[in-house]
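Asker: fold the following, please.
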Amino acid sequence: MESIRLKLQGERSYPVQEAYKVLRTNLLFCGKDIHVVAVTSCRENEGKTTICLNLAKSLAELNKRVLVIDADMRKSVMAGRDTTAKNVVGLSEMLTGMNSLGECIYKTQHETLQIMFAGKYPPNPVELLNGKYFPALLEELRNHYDFIIVDTPPLGEVIDAAVVAPYCDGTMLVMSDRNLRIKQVQDVVQQLEKSGSKILGVIQNNTRSKDRAYYYRHKGYGYR
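Answerer: Residues are numbered from 1 along each chain as shown. The predicted structure follows:
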C-alpha cells in the first residue's frame, strides 16, 4: 500500500479544527449505526472535499479507522490539490477490475486514515456507481473501517450523489453562503429524499464568525 501525504486547508487554524471537532461530535451523535456517510453539495466550490478530508482526520484522531472514497469520477481535485499523490489509481480502476483493492488504497501520515482516489475519469461514472460492484465494495470495506466518508459530485449539477446515497447510512449536505438560492437547496434535498437517503445534516461553509470559520447545522435548519 503506497503512502501519500495530506495537505489540508485550515490544518493550523485552531478555530477551524475546533469546528471540525463539533462536526465530528454531531456525526457521532447521529447513532452507532452510521458508518458510511456520503457528502455532497448543491454546486461546485462549496468546500465539500476539504470538509470530507478534515472530518476524516478528526475522526482518525479518535483512533477510528477511516477511509475517504473520492467518488467524483468527473472532476475530482482531491489527489492533485489536497495530497502529494502522483499518477494514482483508484475507484474507477477498482470498479472496472483493472486494479486490486490493495492497489487502490493509499496510506496517509495519519496512522488510521486512508484514501481511495477517484482514479482516471471513465466515460460512464453513473453506470459504474449504479452497478453491482460499488455496493459490494462498500459492504466489503465496512469490515475494515469504522467510518467511510464518500465524497460525491455536487448533486445540483449531476446525479451521481443520488446514486451513491442509498448505499450509505446517511448523507451530509454542504452549503456555502455565497449566492446560493433556496430553490437549489430544496431541489437537492428532494433528490436525496427520493433516493431513500437519510439526511444527517447540513454543513454551512464559508461562514465567518468571531470564534470559528466553519460550523454545523442540523437537518431542517433554514431551508424547509
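
Asker: now the phi/psi pair for the nearest residue to residue 117 once chain neighbours are set aside, please.
Answerer: Of all residues not flanking residue 117 in the chain, residue 90 sits nearest, at 3.6 Å (C-beta to C-beta, 6 or more residues apart in numbering). Yep, even glycine has a C-beta here, placed from its N, CA and C like the rest. With angles defined as degrees, to the nearest 10, residue 90 sits at phi -170, psi -140.

Asker: tell me the spacing between residue 90 and residue 103.
Answerer: 9 Å (C-beta to C-beta, to the nearest Å).

Asker: comparing the two, which residue is more hemmed in?
Answerer: residue 90 (26 against 15; other C-beta atoms under 10 Å).

Asker: what's the more buried one in contact with, if anything?
Answerer: 70, 79, 104, 116, 117, 118, 119 (C-beta atoms under 8 Å, 6 or more residues apart in numbering).

Asker: residue closest to the middle of the chain?
Answerer: For the chain, residue 151 is the residue whose C-alpha lies nearest the centre (C-alpha atoms, centre = their mean; 2.8 Å).

Asker: hmm, who's touching stretch 70-86?
Answerer: Applying C-beta under 8 Å, 6+ apart, the set of residues contacting stretch 70-86 from outside is 4-9, 38, 44, 49-50, 53, 88, 90-92, 106, 108, 115-119, 121-122, 125, 128-129, 150-153, 158, 160, 164.

Asker: ends of that stretch, how far apart?
Answerer: In stretch 70-86, first residue to last residue: 15 Å (C-alpha to C-alpha, to the nearest Å).

Asker: now swap in stretch 104-113 and tell me
Answerer: 14 Å.

Asker: residues of it that come out buried?
Answerer: Within stretch 104-113, the residues scored as buried using 16 or more other C-beta atoms under 10 Å are 104, 105, 106, 108, 110, 112, 113.
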